[in-house]
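Student: Please find the sequence and the predicted model below.
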Amino acid sequence: MITPGIDHIALTVPDLDEQVDRLTSAFGMVVEARFEGFALIADPASGLKIELGGSDDSQVHFRHFGFRADDVDGEHDSLVKAGMETSEAPHQREFARMYTSFLKEPGCVDIQLVKYDE
């Protein structure tokens, strides 16, 4: 079952450092993870996260919505049966301590399913 609520929104931005600084200083978000070319920031009040990566141009680009799922494999299969395509099959991401998958559908936003390791 998809757990109600969006886990995160993923974007690429032209100046990652500037965007992180703005969101943390002006909006009270906190950095949860930071790597070369990547930042994960969160709103401490709602728990919503924004995944930021560097873009190759001067534009902001939407990448995907991340949804929490109690059963990534089952939800992934259900969404494929409903017409979405697998862009990354369910797998473990050790660096992020999560089990995840990615799906897409022409004309729709890309979706990531996530279940964090306990």
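Tutor: Nice, I can see it.
Student: list the contacts for the spatially closest residue to Pro44 that is not a sequence neighbour?
Tutor: Nearest residue to Pro44, sequence neighbours excluded (C-beta to C-beta, 6 or more residues apart in numbering): Val30, at 5.7 Å. C-beta: built from backbone N, CA, C; applies to glycine. Residues near Val30 by C-beta atoms under 8 Å, 6 or more residues apart in numbering: Thr24, Ile41, Ala42, Pro44.
Student: what sits up against the one helix or strand the second one maps to?
Tutor: It stands for Ile41. In this structure, Ile41 sits in strand 38-42 according to DSSP states H and E. Strand 38-42 has contacts (C-beta under 8 Å, 6+ apart) with 8, 16, 19-20, 23-24, 29-34, 48-54.
Student: could you say what helices and strands the longest strand along the chain packs with?
Tutor: Identified as the longest strand of the chain according to DSSP state E is strand 2-13. On a contact count with 3 or more C-beta pairs under 8 Å, 6 or more residues apart in numbering; DSSP states H and E, strand 2-13 meets strand 49-54, strand 61-69, strand 111-116.
Student: Show me what the first one is packed against.
Tutor: What it means is strand 49-54. strand 2-13, helix 16-27, strand 38-42, strand 61-69.
Student: Please point out which parts of that strand sit buried.
Tutor: Residues of strand 49-54 classed as buried by neighbour count (16 or more other C-beta atoms under 10 Å): Lys49, Ile50, Glu51, Leu52.
Student: Stretch 62-77 spans what distance, first to last residue?
Tutor: Counting by C-alpha to C-alpha, to the nearest Å, the length from the leading to the trailing residue of stretch 62-77 is 24 Å.
Student: Report the distance from it to the chain centre.
Tutor: On the basis of C-alpha atoms, centre = their mean, to the nearest Å, stretch 62-77 sits 10 Å off its chain's mean C-alpha point.
Student: Would you mind listing the outside residues contacting that stretch?
Tutor: With C-beta under 8 Å, 6+ apart, stretch 62-77 has contacts from 1-3, 5-12, 49, 51, 53, 86, 89-90, 99-103, 109-116.
Student: three-state assignment of Pro44?
Tutor: At Pro44 the chain is in coil, as set by DSSP: H, G, I helix; E, B strand; the rest coil.
Student: Pretty sure Glu51 sits against Ala10.
Tutor: Yes: using C-beta atoms under 8 Å, Glu51 is in contact with Ala10, at 4.1 Å.
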